[in-house]
Structures are given as C-alpha cells and as structure tokens.
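Peer 1: sequence first, then the predicted structure, then my questions.
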Amino acid sequence: MRFILLTIFLIFLTSCQSEKPVPDLPQDSPAEVIQPQPQKPAISDDNRYPPAPNLPDPPDTLKIAVISDINGSYGSLYYLPSVKAAVQNIIQNHYDFVVSPGDLVAGQKHGLNYDMLWKTFHYEIGDVFFDNNLEFIFAPGNHDASAYPGYEIERMAFARAFENRHPRAPLIEGSHFPFYYGVIIRDVRVIALDITRPIHDSDPQLDWLENVLNAPIRPRATIVLGHLPLSPVNLSQFWEVASSQRLLRLLQHSPNTIYISGHHHIYFPGHIGELRTIAAPALGAGARSLLGAPPVTGFVQITIPPQAPPKVTALVAPDFTRMIDIKTLPAHLVLADREDTGMAEYIMEMMDNSVNTNNL
C-alpha cells in the first residue's frame, strides 16, 4: 500500500515539475495600437446600415477620414476598441489625411492628470498616424481645452501637448496653433477653430478666418473644423451651438466649403444654402440616438473626386464595412412650416430664418 501511494506521489510530482510556468501577460501598452478581436456587428440585420461602398482607387480622388469625440469617461487613460479599430481601418485603407472636430481626451474635470491624458493620446492615436505618414488636423474640444472659465490649466496642458508636434504641412499665416490655425494639404485648405463654447461675432479668430477665406487662392475645397455645430443636432444639447451669425456668413460666402462639428455625438449631413455641414458621430464613448434610431458609433469618410462634389459616408463600428443610409434620416432637424427641398436643406433653419439667436 505504501508503495502504491509513493508511486502516485512521484507521478504527481513529476507532472507538476514538467508544467511550464505561465508567462506574465503584457499590459495594454499605450505605445501601440492593439488590434481588437473581431466582433459580430449587432446591427448586421438592420436595414439602416447597408454595406458601405468600396473606397475609390484613382489617385486624383482624395480620401479624408473624420474621427470625432474619441474620448472615454472623465480621466480615462485608454481608448475603446472602436477607436483603435478605426485607426487601423484608416491606415489600412490609405486615407490621404485625417481630421477631427475635437474631444481627443477625457478632460474637463478638475484634478485630472492632464499630461498623462495627452501622453496616452499621442501613443495610441497621434503618433500612430504620424508614423504612418498620415497628417492629422484637429480642433480643440470641450474635453480637450474648454474655453469656459475655470479650465485655464487644461488649456495650458493642451498647448503644451503640441509644442513640438506641429503638422507637417506649413501653417497658414497668423495661425495660433493648436487653438485655431490652418494648413493646405493636397490642395485642400483645412482650418481648425477654437469653438469649445459659443463664440461672439467679435472673436479675434473670426478676423483671422475672414482674412484666410479672402486670400487670393482657390483650393480644391475648404474644410473648417469646429467642435460645436452651427445648429443643434441633439435636442438635449439645443443651446450648445457656435452661435455666431458672422461665422455663418463667412462660411456661407466661401466656395466649396464644408463645416464639420462634433459634440452632439450624432451623424447628420446637411447644408445651409451652399455651405455643407457634417455633424460627426462619436467614435468613442457616448454615442447618442437620432429620433429614436439606435445610437451609432463610427467615423465619417469624405471622398473628393477631381470634377465632382464631395461624397460623405458614415461608417459604422465595429468593422466599418457598413454605413448609415441617409434615406433613413429626416429631411431637416429644425421644425418649421416650410417645404422640404432635399436632404437636410434646413439644418440651419432657425439661424437662417431671421430667428433671434443672440442667446444661443
């Protein structure tokens, strides 16, 4: 009996010694973009999201990616899989450059480690684009550099985060990078504005903007980035808009111009007269619903053919192979007794119909 027990013990001991120790798993390092595991799209059977068209191949057609509101909850030092997957998708599909109307980090709360927030952003997002030769042009968001009183330290951290990280493209004269500035990339003029709160018509950046728009150049297109939209897209944020009639007039009189906003976390492509507008969906946390539709996480692609108007498509997470069907969107978002004349014709109706907006 003792011999049998001894034999069992020796076999068990030998088995234990032959097992290899389990190595420590590496932590999710902010120095690299982690490829997320494939996920089954929850929206695959929803007819609101048909398959997205293939990106055009001709080199003379520009492909621009728009990522917005990529931040997580206050103080988050990580990015959701949707953000990381979008970065990889943009790189793999060879976009010409990337723009953002802001909310790159999860700030706007006192006592956060702002420098670490920006260090994480650079490792996870900014440096990844840079290393893959993708120019990334952004406007400040309210979670990046809020202009409301009490967030001066965050605005200083925002400026410090980009002291040695200027765009490769030369800045347009008079630029105040990283708050408001402009560049020209592939014959497209890209302008970022500091609109983290409603602005006044007397704001100095509008003087600068007017000079830039009146310069004797004729770019292929002008893209203007501002965190707040020109008109509400999300009813719960009705008053959180740019609120400047002067800004609206300047943009309306600028040919081939698109104004891109974030903040409301809802996708809606529209126009006010000749001015095209794009309200970008949230790519990070906080996707919101438009008129009862499911909340959508994603990013926007803009293609600009050489002799045709830009085409705008919203690609839906998690794999960005499907898009939002604009036929499922309303013709306009602002209620008014006026005839519908097309998709989003009156997205700016309240500001474009002699309505007093001084308090917006």
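Peer 2: Yes, it's here. Numbers count the residues shown, from 1 in each chain.

Peer 1: ranges for the strands of this structure?
Peer 2: Using DSSP state E, the strands of the chain run over 62-66, 97-100, 135-138, 181-185, 188-192, 221-225, 257-261, 268-272, 275-279, 298-304, 311-316, 322-323.

Peer 1: just send those strands back as CSV, with mean neighbour count too.
Peer 2: Bear in mind the C-beta positions are built from the backbone N, C-alpha and C, glycine included. Shown next, in CSV, are those (neighbours: other Cβ atoms under 10 Å):
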stretch, mean neighbour count
strand 62-66, 23
strand 97-100, 25
strand 135-138, 21
strand 181-185, 22
strand 188-192, 26
strand 221-225, 25
strand 257-261, 26
strand 268-272, 23
strand 275-279, 25
strand 298-304, 24
strand 311-316, 21
strand 322-323, 20
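
Peer 1: count of neighbours near residue 74?
Peer 2: A total of 13 residues lie near residue 74 under the criterion other Cβ atoms under 10 Å.

Peer 1: could you do residue 49 as well?
Peer 2: For residue 49, the neighbour count with other Cβ under 10 Å is 22.

Peer 1: ok, the residue nearest to it when sequence neighbours are not counted to residue 313 distance?
Peer 2: In space, and not counting its chain neighbours, residue 49 is closest to residue 322: 4.2 Å by Cβ to Cβ, 6 or more residues apart in numbering. Distance, residue 322 to residue 313, by Cβ to Cβ, to the nearest Å: 10 Å.

Peer 1: overlap in contacts, these two.
Peer 2: Common contacts of residue 322 and residue 313 (Cβ atoms under 8 Å, 6 or more residues apart in numbering): residue 52.

Peer 1: how near is the residue lying closest to residue 329 once chain neighbours are set aside to residue 124?
Peer 2: Excluding its sequence neighbours, the residue lying closest to residue 329 (Cβ to Cβ, 6+ apart) is residue 268, at 6.5 Å. Per Cβ to Cβ, residue 268 is found 28 Å from residue 124.

Peer 1: now do residue 265
Peer 2: To residue 124, residue 265 is 20 Å away according to Cβ to Cβ.

Peer 1: neighbour count winner among these two?
Peer 2: Taking neighbours as other Cβ under 10 Å, residue 265 and residue 124 compare with residue 265 leading, 26 against 23.

Peer 1: OK, contacts around the more buried one?
Peer 2: Applying Cβ under 8 Å, 6+ apart, one finds that residue 265 lies in contact with 69, 234, 281, 282, 286, 287, 288, 295.

Peer 1: try 10 Å this time
Peer 2: 68-69, 103, 233-234, 237, 279-290, 295-297 (Cβ atoms under 10 Å, 6 or more residues apart in numbering).

Peer 1: among those residues, the buried ones, what's the PyMOL command?
Peer 2: Typed into PyMOL, the line below selects the buried ones among those, using 16 or more other Cβ atoms under 10 Å:
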select buried, resi 68+69+103+233+234+237+279+280+281+282+283+284+285+287+288+290+296+297
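
Peer 1: can you check what pLDDT the model gives residue 360?
Peer 2: Note for residue 360: predicted pLDDT of 22.

Peer 1: the strands of the chain: lowest mean pLDDT?
Peer 2: Note on the strands of the chain: strand 268-272 shows the lowest mean pLDDT, a mean of 85.

Peer 1: ok now that one, how far from the chain's centre?
Peer 2: With Cα atoms, centre = their mean, to the nearest Å as the basis, strand 268-272 stands 17 Å off its chain's centre.

Peer 1: that one pairs with which strands, parallel or anti?
Peer 2: Strand 268-272 has its sheet partners listed here by DSSP bridges as strand 275-279 (antiparallel).

Peer 1: so the partner strand versus strand 62-66, what angle?
Peer 2: Following axes from the mean of the first three to the mean of the last three Cα atoms, to 10 degrees, one obtains 50 degrees for the angle between strand 275-279 and strand 62-66.

Peer 1: can I get the CA coordinates of strand 275-279 in PDB?
Peer 2: Coordinates of each C-alpha in strand 275-279 appear next as PDB, following Å, rounded to 0.1, in the frame of the first residue of the first chain:
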ATOM      1  CA  LEU A 275     -22.500  75.600 -47.200                       C
ATOM      2  CA  ARG A 276     -22.300  71.900 -46.500                       C
ATOM      3  CA  THR A 277     -22.300  70.800 -42.900                       C
ATOM      4  CA  ILE A 278     -21.400  67.500 -41.300                       C
ATOM      5  CA  ALA A 279     -22.300  66.600 -37.700                       C
END
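
Peer 1: what number of residues lie near residue 216?
Peer 2: 4.

Peer 1: which pLDDT does the model give it?
Peer 2: 91.

Peer 1: report the contact partners of the most centrally placed residue in the chain.
Peer 2: For the chain, the residue sitting closest to the mean C-alpha position, by Cα atoms, centre = their mean, is residue 68 at 1.5 Å. With contacts defined as Cβ under 10 Å, 6+ apart, residue 68 is in contact with 99-104, 138-139, 141, 225, 227, 260-265, 267, 278-284, 298-300.

Peer 1: state the distance from it to residue 54.
Peer 2: The gap separating residue 68 from residue 54 is 23 Å, by Cβ to Cβ.

Peer 1: ok, residue 240 - how many residues close by?
Peer 2: The number of residues packed near residue 240 is 19, by other Cβ under 10 Å.
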